[in-house]
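# Provided below for reference: sequence and predicted model.
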Amino acid sequence: MKDPRQRPEISFIRFTRERFRASMEEVYKITMFGLRFFRYVFRPPYEFAEVRKHLDNLGSKSIPLLTIVGLIMGLILALQSRPTLDRFGAGGFLPAMISLTIVRELGPVITALIVAGRVSSGIGAEVGSMRVTEQIDALEVSAVDPYNFLVVTRVLACMIILPLLTAYVDFLAIFGGFLAEYINGNSSFMLYFTEVVQSLQFYDILPGVGKTIAFGYIIGVIGAYQGFNTSRGTEGVGRAATSAVVLASLNIIFLDMVIIQLTFLFLGPGV
Amino acid sequence: MTTESNILIDVEQVWKAFDDHEVLKGITLRVQEGSSDVILGRSGIGKSVLLKSIVGLLTPERGSIHITGKQVIGMKTRELNILRKSIGYVFQYAALYDSLTVRENLEFPLRKHSDASEEEITDRVLEQLRLVGLEDAIDKMPSELSGGMKKRIGLARAIIKRPKIVLYDEPTAGLDPITAREISQLILNLEEQFGITSITVTHDLECARIIANQIYILDDGVFQHSGTYEELKASSDPYTRAFFQVAA
């Protein structure tokens, strides 16, 4: 008979193999969970009231944080870039550089990462606590589909709100860049914003907006998945919230890289 | 008299395991229309698993569960949802939606599954709150309620659609003896008033004494004994005797 005082020894190779297999299973489950969204989203009942509630919860409550981050991001970008551009006699390109950097890349990614930190963890914790307190079971026995009611509504709200929040952050960051330039006496309002508007093309804005919709989907799906599969009481709720942030952030960075490569592939690196 | 036609819930040889741990080992239960059956047993013995299997929240590996003649195991979600509209479920910790007020919690089943007008919904909510004696709590959040109040609201929500069947999962767990007795009495009154057929899982003998027509003692995955409260109290079986003695 096995001695209960002896802890089982697991070899490094076996441990790695088991972790890898578990990770792959998790990826498969999250993918399947996320794909269900497309099956449900066009099917009644439509929970418009819930979507509206989440838009308010997820969106308006993120605005104070995003306002500060957006402004400071633009300020820092301008302050850090000005000396380098001046060294090459390219100081006049600063408004164009800031607007392109913000609209194409920093705005969508930073907004998504901040919203992932605030919203994905919130969804994970909220849905997770509903799971451990049997509220999801209560929905099910009330003949309400919990996936439709809890997941579809939140994912949809994230997909709608993220492009709007990104546009808001883009504007504030560009304005923050202007503030830095104006305070240091390098530019006027008219000159700065004329440069900004002239430098931005339709194809700079389109991928930026497109990827924020995908980021919103990731934030919603991963948060809801972690919450939906919470077990082991309050400890599990904490873990769901943490995992939601980590996984959503990783996936945002990874997806951003893929989208950049695809954009370069189909539209060329100059775009 | 028990006949095939008046059996509302028919559980036949149900087996359920979690990984290697078998919880239900061929359990059989028949509940007649209008009857209030109680399942007694120690904590973690599988009472809630049986209840959740009956309502389709868990899927047993083997056996059959018929409610009003319809097989629950393997039933499509759409059909299961239609069946669930005639079943109320009271959860162990009430499972009130904590982002909604008491009023919204009670309105929820009506808004989802009825064409009732705003006025009708409000009237029904007020009626339910009167029945459970909590009219003043209508605009409170679940976090502002005591354990006993939550149970009452959970009960009110479960019966707001006037279901034929109600399943109670530990309705008195975690309550002081006086509140527990009040809840048990309330269950009895509501069942008599609305002609409810019910299954209650509990380890509270006083609750069983008040509400049960028939009591089943669950141990080791099957019902070891059954009978009325008085019959079981007089039983010579050591496990049943121990159960009644410890509880006393």
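Okay, I see it.
# what's the host helix or strand of residue B:127 packed up against?
Under the criterion DSSP states H and E, the helix or strand holding residue B:127 is helix B:118-131. Secondary structure elements in contact with helix B:118-131, counted by 3 or more C-beta pairs under 8 Å, 6 or more residues apart in numbering or on different chains; DSSP states H and E, are helix B:102-113, helix B:147-159. Just so you know, the C-beta spots here come from the backbone N, C-alpha and C atoms, and that holds for glycine as well.
# can you list those in JSON lines and add mean pLDDT?
Below are the helices and strands packed on helix B:118-131 laid out as JSON lines (pLDDT from 0 to 100):
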{"stretch": "helix B:102-113", "mean pLDDT": "92"}
{"stretch": "helix B:147-159", "mean pLDDT": "92"}
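# what's the most buried one of those?
A comparison of the helices and strands packed on helix B:118-131 by mean neighbour count, using mean count of other C-beta atoms under 10 Å in any protein chain shown, puts helix B:147-159 on top with a mean of 24.
# Check the offset of that helix from the chain's centre.
Distance, stretch centre to chain centre, for helix B:147-159: 12 Å (C-alpha atoms, centre = their mean, to the nearest Å).
# same thing with stretch B:191-204?
Stretch B:191-204 sits 6 Å away from the centroid of its parent chain (C-alpha atoms, centre = their mean).
# That stretch and chain A, any residue contact?
No - using C-beta under 8 Å from any C-beta of the partner chain, no contact is recorded between stretch B:191-204 and chain A, whose separation bottoms out at 13.5 Å.
# Rounded mean pLDDT for that stretch, please.
On average, the pLDDT along stretch B:191-204 is 92.
# List the buried residues for it?
B:191, B:196-204 (16 or more other C-beta atoms under 10 Å in any protein chain shown).
# Sort out which of the residues you listed are in helices and list them.
With helices taken from DSSP state H, the overlap with these comprises residue B:191.
# between the buried residues of stretch B:191-204, which is closest to residue A:230?
Sorting these by how near they are to residue A:230, with C-beta to C-beta, puts residue B:201 at the top with 23.7 Å.
# My guess is that closest one contacts residue B:50. True?
Yes - contact status for residue B:201 versus residue B:50: in contact at 7.1 Å, counting by C-beta atoms under 8 Å.
# Overlap of the contact sets of these two?
Residues within reach of residue B:201 and of residue B:50 at once, by C-beta atoms under 8 Å, 6 or more residues apart in numbering or on different chains, are residue B:39.
# Show the low-confidence segments of chain A, by residue range.
Filtered on pLDDT under 70, chain A yields the residue ranges A:1-2, A:8-9, A:268-271.
# Okay, helices next: where are they in it?
A:12-40, A:48-54, A:63-87, A:94-101, A:107-115, A:121-132, A:135-141, A:146, A:153-183, A:189-199, A:202-228, A:233-267.
# nearest to residue B:129, of the ones you listed?
Within these, the stretch nearest residue B:129 is helix A:135-141; the backing value is 18.5 Å (C-beta to C-beta).
# before we move on, the earlier item: please name whichever of the helices and strands packed on helix B:118-131 is nearest to chain A.
When the helices and strands packed on helix B:118-131 are ranked by distance to chain A, counting by C-beta to the nearest C-beta, first place goes to helix B:102-113 at 5.2 Å.
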